[in-house]
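Engineer: no sequence on this one, just coordinates:
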RNA sequence: GCUGGCGUAGCUCAGUCGGCAGAGCGCGGGAUUUGUAAUCCCGUGGUCGUGGGUUCAAGUCCCACCGCCAGCUCCA
């Protein structure tokens, strides 16, 4: 008889040698651990029943450990599947996949003869609680491929058969059973259904089988899951906060923007107040770029087909472009990108190395066809303005150019109140154009810039575009969500396609490097993120109205007008509320509009030449002189607070 | 684009079984002159998303389209 191979398992500082294939639970009881739910070995989480085939250091997972949630959520997905089968009939419910998510789980299912709606969720939840109540043991079993196919055929689980067929021949096939429910699953799972924690089904949606549009669409049922009710409630509260800060709601409440279905889906109309904010943002953006040697250009919104042919957009980007327009026998396209125009500017004359790096910047409005289902407020639209620029430089300049650009991006994002960033560098994908040298030089420049600025780059190996590597900056907002804004991208493709050259010191033609970059991304998306980040209360320097003057009675209006004049002279955006309303109503409205300062003016103020200042952020600041207020505002604006 | 849900006054929303289209806010007029989040009175406001159909009768039932929402997929 063959002696079973042994593996060495480390738990804390203890070591045990066990036969290969010993279940985790047995190993743990050997070392006297009886309250674990599972353990992490390498990257994989094992439950107690899963046999270990490799040795290594175990990280014990107990109830309450963040990583043990994985086990809980997996099991809740099964419990939900069991509930569905009991409610709608085993043979009617076809299960897809049921993985865990960041804060819960989902299961993709097809229910014959019934389309599940939100209204069904309470029933499903109740059934799930019943299953938890019954505390079925959850049993793991490894079975042969043929047996698995027979089993799931008999259960009319067509999608499970599909999965089995994709499992490599040498991998074991495991199933988990609880009561009379059985599911194909790798695990990990709880020892029994009664161990499940707090959960709530939150919604449903459609999802394609295997994520492919040509496959049938299943119903995805989402749930949240945590060990305790408290954590679950905290998560629900977070979603409430997200809802409250929704930029679409804020955009309407603050009169920032609108989207009119008569105009078209995904086409944003900026209202006066939003436009004031945008003007300030754009002025700031231009100033920051001027300081760094950018030159501004304006380019058309449409271009001839030939241009898009040379750029390759018609070949590779057509499905994202608005359709062709014909005129005088020529066809034109609305621009989805600004690059070809900036390249035209570059190529308008012979360029010397002495004028490089050339930095051409434009707040360029582009139009892209997006599927109707993906449009979302300001975050996903069909017409938007990129804060775009193309930097054309020599290979020697690449390091400095990248560093300066990354620095500019971070400095601007900080001025808007973002503090935390994640920086991703994406490197050469398997299929790529450009020479090894080009990739080498540019990837190094990207990594060096990130490092020099004191950040650690997350490397997305092979994640670059075929035409060059890139840096993406993701910003963390006040709720901890990550958003991608800045992108700094090398392009080895367009300089070739457009045959861009410069004359070097050797009096010969050379191919320049081109960097495409957008730092805020698009004004629209950035504004959406900014509104949500600040919950609508924008930093003072960006507020369309910085102060509202509220006279208590008509006799204070004249004095109020003087104040308004004085503030306007200082460039402070102030308004005077002269309406025949009570002071309280005016204050309320200004508060709802999230105006940073309310200046109440009555007899006392007129007499003392002061204003009574009420700050949105800090509450009452008492009565101060008008000049003091001017200084306060100027100081805050200067500091971008 | 796909799946599911939704679309009623400028906004938020009610409208039962198919039987006269409603409220609050807003907006207009008037009264009121007030000390830190809604003064009172009167008035105004609708092709019930659009177009068809069923019916004596459609906001309500059916079909198509448009738009919105949650996702899938995709992305600045």
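Structural biologist: All right, it came through fine. Source: prediction; values computed, not measured. Numbers count the residues shown, from 1 in each chain, chains lettered A, B, ... in the order given.

Engineer: CA only for contacts and neighbour counts going forward, please
Structural biologist: Will do.

Engineer: bridged to residue A:107, which residues?
Structural biologist: Residue A:107 has the following beta-bridge partners by DSSP bridges: residue A:221.

Engineer: so it sits right up against residue A:79, yeah?
Structural biologist: No - between residue A:107 and residue A:79 there is no contact under Cα atoms under 8 Å: 10.3 Å.

Engineer: now the strands for the stretch 301-450 of chain A?
Structural biologist: The residue ranges that make up the strands of the stretch 301-450 of chain A, judged by DSSP state E, counting those that start in this stretch, are A:302-304, A:325-327, A:330-334, A:358-367, A:383-393, A:420-426.

Engineer: out of those strands, which comes closest to RNA strand B?
Structural biologist: Across the strands of the stretch 301-450 of chain A, the minimum distance to RNA strand B, taken as Cα to the nearest atom of the strand, is reached by strand A:383-393, at 5.5 Å.

Engineer: name the helix or strand for the spatially most central residue of chain A, please.
Structural biologist: Geometric centre of chain A, nearest residue: residue A:483, 3.7 Å, by Cα atoms, centre = their mean. Assessed by DSSP states H and E, residue A:483 sits inside strand A:482-491.

Engineer: next: residue A:613.
Structural biologist: Taking DSSP H and E as the criterion, the element that holds residue A:613 is strand A:610-615.

Engineer: measure residue A:18 to residue A:40 for me?
Structural biologist: 17 Å (Cα to Cα, to the nearest Å).

Engineer: those two: which has the busier surroundings?
Structural biologist: residue A:18 (20 against 17; other Cα atoms under 10 Å).

Engineer: so what's that one up against?
Structural biologist: For residue A:18, the residues meeting the contact criterion (Cα atoms under 8 Å, 6 or more residues apart in numbering) are A:6-9, A:27.

Engineer: give me the distance from the host helix or strand of residue A:82 to the chain's centre.
Structural biologist: Here residue A:82 sits within helix A:69-88, counting by DSSP H and E. In terms of Cα atoms, centre = their mean, to the nearest Å, the centre of helix A:69-88 is set 29 Å apart from its chain centre.

Engineer: which SSE is immediately downstream of that helix?
Structural biologist: Moving toward the C-terminus from helix A:69-88, the next helix or strand (DSSP H and E) is strand A:93-95.

Engineer: name the residues that touch that next one?
Structural biologist: Everything outside strand A:93-95 that qualifies as a contact, by Cα under 8 Å, 6+ apart, is A:81, A:84-85, A:107-112, A:156-160.

Engineer: report the buried members of the residues you listed.
Structural biologist: A:81, A:84-85, A:107-111, A:156-157, A:159-160 (16 or more other Cα atoms under 10 Å).

Engineer: tell me how many other residues crowd residue A:236.
Structural biologist: Around residue A:236 there are 15 other residues, counting by other Cα under 10 Å.

Engineer: need the three-state assignment for it.
Structural biologist: Put simply, residue A:236 is helix when judged by DSSP: H, G, I helix; E, B strand; the rest coil.

Engineer: do residue A:33 as well
Structural biologist: Secondary structure, three-state DSSP: residue A:33 is coil.

Engineer: tell me how far it lies from residue A:43.
Structural biologist: Note on residue A:33: its distance to residue A:43, by Cα to Cα, is 21 Å.

Engineer: surely residue A:19 and residue A:7 touch.
Structural biologist: Yes - look at residue A:19 against residue A:7 with Cα under 8 Å: they come within range, at 6.1 Å.

Engineer: still on that earlier bit, save the contacts of residue A:18 as CSV, and put in secondary structure too.
Structural biologist: Written out in CSV, the entries for the contacts of residue A:18 read as follows (three-state DSSP):
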residue, secondary structure
A:6, strand
A:7, strand
A:8, strand
A:9, strand
A:27, helix
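
Engineer: the strands in the stretch 501-641 of chain A, which residues?
Structural biologist: Assigned strands in the stretch 501-641 of chain A, in chain order: A:502-503, A:509-510, A:513-522, A:547-551, A:574-576, A:597-601, A:610-615, A:619-625 (criterion: DSSP E, counting those that start in this stretch).

Engineer: contact residues of the stretch 201-350 of chain A facing RNA strand B?
Structural biologist: The stretch 201-350 of chain A comes close to RNA strand B at residues A:203-208, A:211-213, A:217-220, A:248, A:259, A:261, A:264-266, as judged by Cα under 7 Å from any atom of the strand.

Engineer: which of the residues you listed fall within helices?
Structural biologist: Secondary structure assignment by DSSP state H places residue A:248 of those in helices.

Engineer: buried subset of the residues of the stretch 201-350 of chain A next to RNA strand B?
Structural biologist: Neighbour counting over these (16+ other Cα under 10 Å) leaves A:204, A:207-208, A:217-220, A:248, A:259, A:265-266 as the buried ones.

Engineer: run a quick neighbour tally on the closest residue to RNA strand B within the stretch 1-150 of chain A.
Structural biologist: When distances are taken as Cα to the nearest atom of the strand, the stretch 1-150 of chain A approaches RNA strand B most closely through residue A:117, which lies 4.7 Å from it. A count of neighbours around residue A:117, defined by other Cα under 10 Å, yields 12.

Engineer: and it, what's its pLDDT?
Structural biologist: Here the pLDDT value assigned to residue A:117 is 75.

Engineer: so what pairs up with the nearest residue to it once chain neighbours are set aside in the strands?
Structural biologist: What sits nearest to residue A:117 in space, not counting adjacent residues and going by Cα to Cα, 6 or more residues apart in numbering, is residue A:204, at 7.0 Å. Beta-bridge partners recorded for residue A:204 (DSSP bridges): residue A:221.

Engineer: these two touch, right, residue A:204 and residue A:119?
Structural biologist: No - under the criterion of Cα under 8 Å, residue A:204 is not in contact with residue A:119, lying 10.2 Å apart.

Engineer: let's have the strands of the stretch 501-641 of chain A in TSV, adding distance to RNA strand B.
Structural biologist: As requested, the strands of the stretch 501-641 of chain A are exported to TSV (distance: least, Cα to the nearest atom of the strand, whole Å):
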stretch	distance to RNA strand B
strand A:502-503	28
strand A:509-510	28
strand A:513-522	3
strand A:547-551	8
strand A:574-576	14
strand A:597-601	5
strand A:610-615	4
strand A:619-625	7
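
Engineer: among the ones you listed, which comes closest to residue A:140?
Structural biologist: Taking Cα to Cα as the criterion, residue A:140 comes closest to strand A:513-522 out of these, the separation being 48.9 Å.

Engineer: what lines up beside the closest one in the sheet?
Structural biologist: strand A:383-393 (antiparallel), strand A:482-491 (antiparallel).

Engineer: sorry, back to before: more neighbours: residue A:33 and residue A:43, which one.
Structural biologist: Higher neighbour count among residue A:33 and residue A:43: residue A:33, with 13 against 6, using other Cα under 10 Å.

Engineer: any stretches of chain A with poor pLDDT?
Structural biologist: Scanning chain A for pLDDT under 70 picks out A:1-4.

Engineer: neighbours of the residue lying closest to residue A:438 once chain neighbours are set aside, how many?
Structural biologist: Excluding the flanking residues, the one nearest residue A:438 by Cα to Cα, 6+ apart is residue A:492, at 7.8 Å. The burial metric for residue A:492, expressed as a neighbour count using other Cα under 10 Å, is 23.

Engineer: now do the one 5 residues further on
Structural biologist: Other residues within reach of residue A:497 by the criterion other Cα under 10 Å amount to 12.

Engineer: wait, it sits on residue A:310?
Structural biologist: Yes - counting by Cα under 8 Å, residue A:497 sits close enough to residue A:310 to count as a contact (6.2 Å).

Engineer: for the residue lying closest to residue A:423 once chain neighbours are set aside, list the residues it contacts.
Structural biologist: With sequence-adjacent residues excluded and distances taken as Cα to Cα, 6+ apart, residue A:423 is closest to residue A:473, at 4.6 Å. In this structure, residue A:473 makes contact with A:421-424, A:484-487, judged by Cα under 8 Å, 6+ apart.
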